[in-house]
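next come a sequence and a model predicted from it.
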Amino acid sequence: MSGSHSHNHTHHHGELRGRNLLFSIFLNILITAAQVIGGVVSGSLALLSDALHNFSDVISLVVSYVANRLAKKEASLQKTFGYKRAEILAAFINASTLIIVAVLLIIEAIKRFQNPEAIESNLVIWLSFIAILANGVSVLLLKKDAEANMNMKSAYLHLFTDMLASIAVLIGGLLMKYYQLFWVDSVLTLAIAIYLIWVGFDLLKSSTKVLMLFTPDSIPIKDIVIEIQKINSIKNVHHIHVWQLNEDEVHFEAHIDFQDDITLTQFDVILNQVEALLYHKFKINHVNIQPEFGKSDVKDIIVQD
């Protein structure tokens, strides 16, 4: 199998990722507690909705942290892939919670919009400002990992959208303080919810594709078949499956018909060519080939098992 992996670097990076998540969990617990108290005292739905979102952040970060720990566990006879999909599952759960929270916020915002209430804006302003700072620190901690890891991206999105929500709440608090526009509280809550649905759906779709073993969008199967069939001795490539196990592993399996009844030694040479081609040109790093000669099976590229 082609491709090299630095396990020591991965382990070290995973530990740093875990520490960043733990620190973000601690910050968000503090923010949530402060905003719940402040929302009740001030009567601000936007502040309470931000607290609810922060609480979902805490849950999502805990899910991400557990998944990050599980992903490091070794494979076994009962779990031959180990827990490599734990982080994808965490991303799916976190994306789902983003959308659920958004729907709840929309319902509450509509109710409050019909019956606006006076709000203690000073408390809203100060608590939202503190939340912006705390979430900003968490966002910076997770930003780099979010670019390459779906689980970390789900946690990052929770925190980033909450930072935006806190900014919206701060603006709303200022408008309520100086212009008595209390209906702004409900409007901002609706805007926050709509944005949550937008970012949550994209992540939900991406994680679902991986969990359902769909072919990654970046993998052109027909082009792969053409390239492999250019190799001498290969007659046909068929019965192909391509799937993404996690962020780091893309798996490819196929049946290959050979022109001649070659030896195992000859097959190994050709297999090395196929692995190198798939790795360097298509970033596929796990290859499983079933060699065939004169076998009368279905020769379609995709065959329903």
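Structure's in. What do you need?

CA only for contacts and neighbour counts going forward, please
Will do.

need the contact list for the closest residue to Gln244 other than its chain neighbours.
Ranked by C-alpha to C-alpha, 6 or more residues apart in numbering and with sequence neighbours excluded, the top spatial neighbour of Gln244 is Val250, at 4.4 Å. Neighbouring residues of Val250 by C-alpha atoms under 8 Å, 6 or more residues apart in numbering: 242-244, 283-286.

so where do the strands sit in the stretch 151-300 of the chain?
For the stretch 151-300 of the chain, strands defined by DSSP state E, counting those that start in this stretch occupy the ranges 234-244, 250-258, 286-292.

show me what the first one is in contact with.
Right, strand 234-244. 210, 213-216, 225, 228-229, 250-259, 298-303.

got a quick ChimeraX command for the buried subset of the residues you listed?
Remark: buried members of the contacts of strand 234-244, expressed as a ChimeraX selection using 16 or more other C-alpha atoms under 10 Å:
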select :210,215,225,228,229,250,251,252,253,254,255,256,257,258,301
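
need the nearest residue in space to Gly136, chain neighbours excluded.
Met163 is the one closest to Gly136 (C-alpha to C-alpha, 6+ apart), at 6.5 Å.

any idea how far His280 is from the one you found?
Separation of Met163 from His280 (C-alpha to C-alpha, to the nearest Å): 39 Å.

also Ile99?
Ile99 is 38 Å from His280, by C-alpha to C-alpha.

higher neighbour count, those two?
Between Ile99 and His280, counted using other C-alpha atoms under 10 Å, Ile99 has the larger neighbour count: 21 against 12.

buried stuff in the helix or strand hosting the more buried one?
Secondary structure assignment for Ile99, by DSSP states H and E: helix 86-114. Across helix 86-114, burial judged by 16+ other C-alpha under 10 Å covers 86-103, 105-106, 108-109, 112-113.

likewise stretch 256-270?
Quick answer for stretch 256-270 (16+ other C-alpha under 10 Å): 256-258, 270.

could I get those as CSV with pLDDT?
Formatted as CSV, the buried residues of stretch 256-270 follow (pLDDT from 0 to 100):
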residue, pLDDT
Ile256, 97
Asp257, 96
Phe258, 97
Ile270, 96
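
and those residues as CSV, adding distance to Leu61?
As requested, these are exported to CSV (distance: C-alpha to C-alpha, whole Å):
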residue, distance to Leu61
Ile256, 44
Asp257, 48
Phe258, 50
Ile270, 46
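
out of those, what pair is the most spread apart?
Asp257 and Ile270 (12.1 Å; C-alpha to C-alpha).

most residues in a single helix of the protein, which one?
helix 7-42 (DSSP state H).

and the following helix or strand past that helix with helix 86-114, angle?
Going down the chain from helix 7-42, the next helix or strand is helix 45-70, by DSSP H and E. Angle, helix 45-70 to helix 86-114, by axes from the mean of the first three to the mean of the last three C-alpha atoms, to 10 degrees: 170 degrees.

which helices and strands does helix 45-70 pack with?
helix 7-42, helix 86-114, helix 150-179, helix 184-211 (3 or more C-alpha pairs under 8 Å, 6 or more residues apart in numbering; DSSP states H and E).
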